[in-house]
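Visitor: sequence and predicted structure are below.
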Amino acid sequence: MTSLSSSNASAFQPLLNLVNVSLEYPDGEGTLKALDGVSLTVGAGQMFSLVGPSGSGKSSLLAVAATLVRPTRGLVSIDGIDVTGLKGGKLTALRRDKVGIIFQQPNLLASLTAAEQLVISDHLRGTRLTEARSKAMELLNVVGLASCADKRPHQLSGGQRQRVNIARALMGEPKVLLVDEPTAALDHERRSSIVQLLRRVTDEFQLATVMVTHDTEFVPLTDAVATMRDGRLTTPALIAA
Ligand SMILES: Nc1ncnc2c1ncn2[C@@H]1O[C@H](COP(=O)(O)OP(=O)(O)OP(=O)(O)O)[C@@H](O)[C@H]1O
Ligand SMILES: [Mg+2]
């Protein structure tokens, strides 16, 4: 099995575990294998980068890991819970409590301030408003945006919007962070600072992070890299510290 646990196996706590996962879509007469026997283990504080050509299955892997799409075969577990058997409200609750998702476009609500974007997402989870507000300010501070709490998306740069997006994904205190091309819309300097931020929050909050990226130059900031090709994952290469 593909694992980032190299030396200290007994202390290794996999937060995200995919075992022999396949995902098939009907395609005319036959089926299209978006994922073909993918296995992957990511532990707390580990950041994994996923590269590969367009259409190779990278977003499909994230969708399955995020429990947004149920695999055709195989096992997905998050924080020790087998999610493949979960349905309905239990699955939604697990996703809400354990998974943070960051896409290329921040998808912020135009009428809300940076702080409100975070507060709303947490309040919808049932957190009390006062608590959600103080958590939002803490996280805006973590992503370097404390002074922008009252700004709306049109008053923020692309990089700042992506930072709000990252802070929002952290509001639910996830265990697993799934990130799909977070830097594609940004210039070089901002791309670099976003990947550095993802590295920092992975360490600080002990997340299991999987990042799909075309920026191979940022791969050295992560712990391991693997390539998707035709739905298959190569054995991850560990990045030397
Ligand atoms: N909902 C769907 N229904 C049918 N086929 C799908 C669906 N989603 C993805 N696919 C197919 O699965 C394969 C993998 O797609 P996926 O989006 O995972 O690729 P990707 O590696 O993320 O590509 P890109 O780099 O362009 O984002 C592709 O052939 C795609 O057409
Ligand atoms: Mg994709």
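Guide: Received it, and whenever you're ready, just let me know what you need. Ligands and ions are numbered 1, 2, ... in the order given.

Visitor: does the nearest residue to Ala146 once chain neighbours are set aside sit in a helix, a strand or a coil?
Guide: What sits nearest to Ala146 in space, not counting adjacent residues and going by C-beta to C-beta, 6 or more residues apart in numbering, is Leu140, at 5.3 Å. Glycine gets a C-beta too; all of them are placed from N, C-alpha and C. At Leu140 the chain is in helix, as set by DSSP: H, G, I helix; E, B strand; the rest coil.

Visitor: just give me the neighbour total for Leu140.
Guide: Using other C-beta atoms under 10 Å, Leu140 is surrounded by 22 other residues.

Visitor: now it: how far from ligand 1?
Guide: Using C-beta to the nearest ligand atom, to the nearest Å, Leu140 is found at 29 Å from ligand 1.

Visitor: what pairs with the most centrally placed residue in the chain across the strands?
Guide: Of all residues in the chain, the one closest to the mean position by C-alpha atoms, centre = their mean is Leu178, 1.2 Å from it. Note on Leu178: beta-bridge partners by DSSP bridges are Ile101, Val210.

Visitor: how near is it to ligand 1?
Guide: 12 Å.

Visitor: shaky segments in the protein?
Guide: Scanning the chain with the threshold set as pLDDT under 70 gives 1-13, 240-241.

Visitor: which residues of it lie near ligand 1?
Guide: Listed as neighbours of ligand 1 in the chain under the rule C-beta under 6 Å from any ligand atom: 25, 32, 34, 52, 54-60, 228.

Visitor: at 5 Å instead, please
Guide: The chain comes close to ligand 1 at residues 25, 34, 54-60, as judged by C-beta under 5 Å from any ligand atom.

Visitor: among those, which lie within helices?
Guide: Applying DSSP state H to those, the entries found in helices are 58-60.

Visitor: give me the buried subset of these.
Guide: 58-60 (16 or more other C-beta atoms under 10 Å).

Visitor: all strands for this protein, in order.
Guide: For the chain, strands defined by DSSP state E occupy the ranges 14-27, 30-43, 46-51, 73-78, 81-82, 99-102, 176-180, 208-212, 224-229, 232-233, 237-238.

Visitor: and the first one, which strands flank it?
Guide: Taking DSSP bridges as the criterion, strand 14-27 sits next to strand 30-43 (antiparallel), strand 73-78 (antiparallel) in its sheet.

Visitor: pick the most deeply packed of those.
Guide: strand 30-43 (a mean of 20; mean count of other C-beta atoms under 10 Å).

Visitor: next one: phi and psi at the residue in the chain sticking out farthest from the centre?
Guide: Distance from the centre of the chain peaks at Glu29, with 33.9 Å (C-alpha atoms, centre = their mean). With angles defined as degrees, to the nearest 10, Glu29 sits at phi -70, psi -30.

Visitor: over to Leu68?
Guide: Dihedral angles for Leu68 - degrees, to the nearest 10 - are phi -80, psi -30.

Visitor: state the number of residues packed around it.
Guide: Residues lying near Leu68 (other C-beta under 10 Å) number 13.

Visitor: once you drop chain neighbours, what's closest to it?
Guide: Leu68's closest residue in space is Arg95 (C-beta to C-beta, 6+ apart), at 7.6 Å.

Visitor: what do you get for Met211?
Guide: Setting aside the residues directly before and after it, Met211 is nearest to Val179 in space (C-beta to C-beta, 6+ apart), at 4.3 Å.

Visitor: tally of neighbours for that neighbour?
Guide: Residues near Val179, counting by other C-beta under 10 Å, number 27.

Visitor: cheers, nothing more for now.
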